[in-house]
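Colleague: need the 3D shape of this:
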Amino acid sequence: MAMEQYLFLIPLLPLLAFAINLLGGRVLRTNAHWIATPAVFASFLLSLMVFRQISATGEPLRQDLYTWIDSGTFHIGINLVVDQLTAVMLIVVTSVGFLVHVYSQGYMHGDPGFARFFAYLPFFVFSMLMLVLADNFLLLFFFWEGVGLASYLLIGFWFTRRSASSAAQKAFIVNRIGDLAFGLGLIWIFYQFGTMDFAEVFAQVPETPTAVVTGIALLLFGGAAGKSAQFPLHVWLPDAMEGPTPVSALIHAATMVTAGIYLIVRGHIFYESAPAAMLVVALIGAFTSFMAATIAVAQNDIKRVIAYSTLSQLGYMAMGAGVGAFIPAIFHLVTHAFFKGCLFLGAGSVIHGMHEEQNIQNMGGLRRYMPVTFWTFLAASLANAGLIPFAGFWSKDEIILGAWITDSIPVTVGQILAVVGLVTAFLTAYYMFRLVFLVFTGEPRFNPAEVHPHESPLSMAAPLVLLAIPSVALGWLIGWPPEGGSIHTFLEPVFHDAAEGTAEGDEVASLYVMQEETVPAGEGEPEEEHVSQGTVLAFAVASTAAALGGIGLAYLTFSRRTVPALDAWSFPVYHFLRDKWRWDELYNGAIVRPLGNLANGLWRVVDTRIIDGAVNGVAGGIGAVSQRLRHVQTGLVSNYALAIALGMVLLVGIYLGLSSTLFR
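Modeller: Predicted coordinates for the structure are as follows:
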């Protein structure tokens with residue numbers, strides 16, 4: 001069956017679920033999940049069919065629905081296009097989305113906003129699907145804002161909590177900063193290329209001046225930095241944990257926060273043509289990854305540890321894209337979606353079983369109470385730590401290797417970034433197993449008489465198992481052999497086809513440039529470069545050693561208690577990391593409070609004195625005149641008759657005076 005005719009059903013089904021649950025929530029109430037969950041599952045099945053067809057034919061699918069904007073030479077259509085990159089994103093969004101819907105049935109049971117939650121959730125899925133299906137920048141931007149709206153609604157879902165409403169506002173405002181840059185980039189794209197269609201824009205990029213391409217690429221990255229929480233726009237993501245835990249798993253781990261990475265990879269030709277922009281992306285990604293990992297080691301809220309882990313892994317993806325390792329970046333996006341989704345849902349299971357307790361210092365020994373949660377959480381933690389053969393090892397290792405061998409940025413810088421990536425891998429393993437040991441092992445640090453931990457119901461446990469399986473096996477299933485696995489073969493046409501449109505003599509876009517060995521190609525063909533197996537093996541060993549070192553240190557510190565914890569041997573450093581490098585305090589002191597004071601000052605001077613003063617002055621003047629004129633209305637007929645007579649005398653006098661003057 002040709003799927004071109006049915007692409008519209010993939011986003012339409014979640015949209016219908018949103019409409020039904022929003023309008024009929026009072027009737028459906030606790031049955032709203034029976035509308036939303038099957039709709040997302042049907043989208044998942046359709047996505048699988050699309051993926052299968054593209055795998056078989058290698059040809060993109062397209063469905064033109066209708067013209068959205070038609071003004072002169074400016075045409076924007078609601079058109080859906082699926083290439084290999086989109087097909088991967090469709091699978092990630094719908095599969096994780098479906099499992100989160102199933103999990104939410106148990107997690108949100110009894111919540112008075114149950115139906116509203118199952119309206120917002122499919123609305124997000126619809127917006128995210130349309131974002132990746134868009135064939136032009138304007139349509140992508142429209143649904144870019146759609147997922148932002150869904151995120152705002154879901155972060156602030158428990159809006160009666162001040163912390164939740166504040167977190168939603170913070171996420172919305174910080175993302176507006178990035179979206180302003182994105183919007184300016186779109187204006188520049190239309191001004192420069194006269195279109196916003198992906199294919200038409202990308203075909204013109206190679207002939208465009210480098211300075212223009214660099215400017216556009218940096219503005220697009222500004223939008224990506226906001227959505228994917230890269231420094232300095234990273235501060236909203238940890239606070240977004242105020243939303244329900246399934247929201248954290250779906251939006252802030254697996255899908256929405258990866259939209260920025262998707263945007264960079266979709267517009268990869270901009271970055272390949274702008275080395276300065278690639279350097280900025282790589283540096284910011286590496287810094288974000290390292291910074292977030294250092295913060296995670298000192299957090300005690302179970303969801304915040306995982307949130308900072310998400311920041312760190314998004315930094316890896318951005319660094320991969322910045323060094324030209326676009327396919328490894330998407331590879332890590334895919335593996336991360338599953339193991340981080342499993343971690344967030346596992347954290348939700350722990351919170352549910354511990355009666356809403358989130359401080360890991362008040363847990364311990366939960367392995368015996370929650371065996372399914374423990375084993376699935378352990379599998380996802382090993383994947384996040386990057387230990388072979390778990391999923392995170394394969395994708396993260398390719399990004400680190402890509403940084404070491406790249407020539408998209410200066411070689412020395414790339415090698416420094418690779419070292420930073422290894423250090424971050426060590427920290428990742430450390431904080432993840434600090435979490436595992438403090439939560440699941442040792443003696444309980446809670447009162448068993450008051451707190452009765454228990455395993456989550458089947459609706460919550462089953463998604464954990466289904467997410468743990470790809471956390472264990474997905475990496476080697478699609479990533480073996482390294483740099484030549486099925487995901488590389490599948491995604492390669494996205495970059496190869498774009499490269500064919502470059503000017504003659506330009507280098508063909510590739511996964512990333514490899515420097516170790518040059519193998520002569522056939523006559524008339526460009527040379528392809530390959531990294532030696534020794535280098536691949538060396539980085540595999542280094543990455544594994546970093547992971548084992550982090551796990552070992554966490555074991556000695558939090559299980560054996562033979563090494564003092566961070567808060568015991570370095571108070572200044574610990575407090576600095578616990579306070580999240582004090583970025584919030586810096587932003588509040590340098591930006592928020594000064595702007596607030598400026599706004600208050602303008603309110604007092606401009607609004608109160610000038611605008612309100614002018615309006616109130618006019619009103620007061622009219623009132624004063626009215627007060628004097630009101631005395632004319634006495635209610636006595638004799639007064640009115642006298643006034644009429646005097647008026648008549650006055651008019652006659654004026655007439656006679658004018659007549660004598662004019663006819664003299």
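
Colleague: for stretch 113-126, which positions count as buried?
Modeller: Of the residues in stretch 113-126, 114-126 count as buried by neighbour count, 16 or more other Cβ atoms under 10 Å. In this view, the C-beta of every residue, glycine as well, is placed from N, C-alpha and C.

Colleague: oh, that last question was meant for stretch 348-366, not what I typed.
Modeller: 348-354, 358, 360, 362-366.

Colleague: do stretch 371-388 as well
Modeller: 372-388.

Colleague: narrow those residues to those in helices?
Modeller: Counting by DSSP state H, the buried residues of stretch 371-388 place 372-385 in helices.

Colleague: nearest residue to the residue nearest to the spatial centre of the chain in space, please, no chain neighbours.
Modeller: In the chain, the centroid-proximal residue (Cα atoms, centre = their mean) is Val257; its distance is 1.9 Å. Closest residue in space to Val257, ignoring its immediate chain neighbours: Ser228 at 5.3 Å, by Cβ to Cβ, 6 or more residues apart in numbering.

Colleague: okay, now that neighbour: neighbour count?
Modeller: Using other Cβ atoms under 10 Å, Ser228 has 30 other residues around it.

Colleague: please report how far it lies from Gly156.
Modeller: 21 Å (Cβ to Cβ, to the nearest Å).

Colleague: Leu387 now?
Modeller: 37 Å.

Colleague: which stretches of this protein have low pLDDT?
Modeller: Scanning the chain for pLDDT under 70 picks out 1, 497-530, 568-570, 663-664.

Colleague: buried ones in whichever strand in the chain runs longest, by neighbour count?
Modeller: Ordering each strand of the chain by length in residues (DSSP state E) puts strand 61-71 first. The neighbour-count check on strand 61-71 (16+ other Cβ under 10 Å) flags Leu61, Gln63 as buried.

Colleague: and for stretch 17-34?
Modeller: Applying 16+ other Cβ under 10 Å to stretch 17-34 flags Ala17, Phe18, Ile20, Asn21, Leu22, Gly25, Leu28, Ala32, His33 as buried.

Colleague: chain center to it, what's the gap?
Modeller: Relative to its parent chain, stretch 17-34 has a centroid offset of 27 Å by Cα atoms, centre = their mean, to the nearest Å.

Colleague: which other residues reach it?
Modeller: With contact meaning Cβ atoms under 8 Å, 6 or more residues apart in numbering, stretch 17-34 is reached by 35-36, 39-40, 101, 104-105, 109, 114-120, 122-123, 126.

Colleague: counting only helices, which of those residues make the cut?
Modeller: Short answer: the contacts of stretch 17-34 in helices (DSSP H) are 35-36, 39-40, 101, 104-105, 114-120, 122-123, 126.

Colleague: Ser273 and Ala211 touch, don't they?
Modeller: No: in this structure, Ser273 is not within contact of Ala211 by Cβ atoms under 8 Å, at 10.9 Å.

Colleague: more crowded one of those two?
Modeller: Ser273 (23 against 10).

Colleague: mind listing what that one touches?
Modeller: Shown in contact with Ser273 (Cβ under 8 Å, 6+ apart): Val205, Pro206, Thr208, Thr210, Val213, Ala217.

Colleague: how about the residues you listed in TSV, adding distance to Ala321?
Modeller: Listed next are the contacts of Ser273 as TSV, based on distance: Cβ to Cβ, whole Å:
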residue	distance to Ala321
Val205	16
Pro206	19
Thr208	20
Thr210	19
Val213	16
Ala217	11
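
Colleague: which of these tops the neighbour count?
Modeller: Neighbour tally across the contacts of Ser273 (other Cβ under 10 Å): the maximum, 26 neighbours, falls on Ala217.

Colleague: what's around the nearest residue to it once chain neighbours are set aside, how many residues?
Modeller: Leaving out its chain neighbours, the residue that sits closest to Ala217 by Cβ to Cβ, 6+ apart is Ala277, at 3.7 Å. Look at Ala277: counted by other Cβ under 10 Å, it has 24 neighbours.

Colleague: what helix or strand is Ala277 on?
Modeller: Counting by DSSP states H and E, the element that carries Ala277 is helix 275-296.

Colleague: mind giving me the packing neighbours of the helix or strand just after that helix?
Modeller: Heading C-terminal from helix 275-296, the first helix or strand you meet, by DSSP H and E, is helix 302-322. Applying 3 or more Cβ pairs under 8 Å, 6 or more residues apart in numbering; DSSP states H and E, we find helix 302-322 packed against helix 236-239, helix 245-249, helix 259-266, helix 268-272, helix 275-296, helix 326-353, helix 391-405, helix 411-440.

Colleague: just to check, Ile295 is in contact with Trp583?
Modeller: No: under the criterion of Cβ under 8 Å, Ile295 makes no contact with Trp583, lying 9.3 Å away.

Colleague: show me which of the two is the more surrounded one.
Modeller: Looking at Ile295 and Trp583 with other Cβ under 10 Å, you find the greater number of neighbours at Ile295, namely 27 against 15.

Colleague: OK, contacts around that one?
Modeller: So Ile295 contacts Tyr308, Leu577, Lys580, Trp581 (Cβ under 8 Å, 6+ apart).

Colleague: now it: how far from Asn31?
Modeller: 41 Å.

Colleague: do the same with Tyr555
Modeller: 47 Å.

Colleague: ok, now Gly601?
Modeller: Note on Gly601: its distance to Asn31, by Cβ to Cβ, is 53 Å.

Colleague: what's the answer for Val132, then?
Modeller: 30 Å.

Colleague: help me confirm that the residue nearest to the centre of the chain is found in a helix?
Modeller: Yes: under DSSP: H, G, I helix; E, B strand; the rest coil, Val257 falls within a helix.

Colleague: that one reaches Thr310, doesn't it?
Modeller: Yes: at 6.7 Å, Val257 counts as touching Thr310 under the criterion of Cβ under 8 Å.
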